[in-house]
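Visitor: Okay, predicted coordinates and the sequence, questions at the end:
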Amino acid sequence: MFGIPGKAPITMTPAATRQIARLMERDGRAGLRIGLKKGGCAGMEYTMDYVDEADPNDEVVEQDGARVLIAPMAQMFLFGTEIDYEIGLLESGFRFNNPNVSEACGCGESIKFDPVGKAAG
């Protein structure tokens, strides 16, 4: 487990919890696993997959019927992130308000983090 004891590593807005819970119930899934992979023009991309069971090393966050599983390699990069769900005219989807991101590409699909141990500021 990574982070501060007693504090959830991520938070979800009411819109995000409703959408995650709705999709979990509709598809009979155990939760939404969030991770990171190399890719995109900024270097990293979020991954999101509905899963049938948690990995023993996943960090589990439950809020108002929504369950998010954070993959082990993503835990330190996602700490403090707020997940939102926005509905727009042209597209709808999850948005990550992540204080650990140092850069994002113009299309918003990929992100970059400062090297571990480097202080922001």
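Guide: That came through fine.

Visitor: how near is Asp84 to Gly43?
Guide: 23 Å (Cβ to Cβ, to the nearest Å). C-beta: built from backbone N, CA, C; applies to glycine.

Visitor: If you count contacts, what does the helix ranked longest in the chain end up packed against?
Guide: Longest among the helix segments of the chain by residue count, using DSSP state H, is helix 14-27. Helices and strands touching helix 14-27, by 3 or more Cβ pairs under 8 Å, 6 or more residues apart in numbering; DSSP states H and E, are strand 31-39, strand 43-51, strand 66-70, strand 81-87.

Visitor: by how many degrees do the third one and strand 31-39 diverge?
Guide: If you take axes from the mean of the first three to the mean of the last three Cα atoms, to 10 degrees, strand 66-70 sits at 40 degrees to strand 31-39.

Visitor: Helix or strand next in line after strand 66-70, which one?
Guide: helix 75-78 (DSSP states H and E).

Visitor: try the second one
Guide: Moving toward the C-terminus from strand 43-51, the next helix or strand (DSSP H and E) is strand 59-63.

Visitor: one step back: could you list the buried residues of the longest helix of the chain?
Guide: The neighbour-count check on helix 14-27 (16 or more other Cβ atoms under 10 Å) flags 16-17, 19-21, 24 as buried.

Visitor: same thing with stretch 56-70?
Guide: So for stretch 56-70, counting by 16+ other Cβ under 10 Å, buried means 58-61, 63, 66-70.

Visitor: ok, so of those, who is nearest Arg95?
Guide: Proximity of the buried residues of stretch 56-70 to Arg95 was ranked by Cβ to Cβ; the top entry is Val68 with 14.1 Å.
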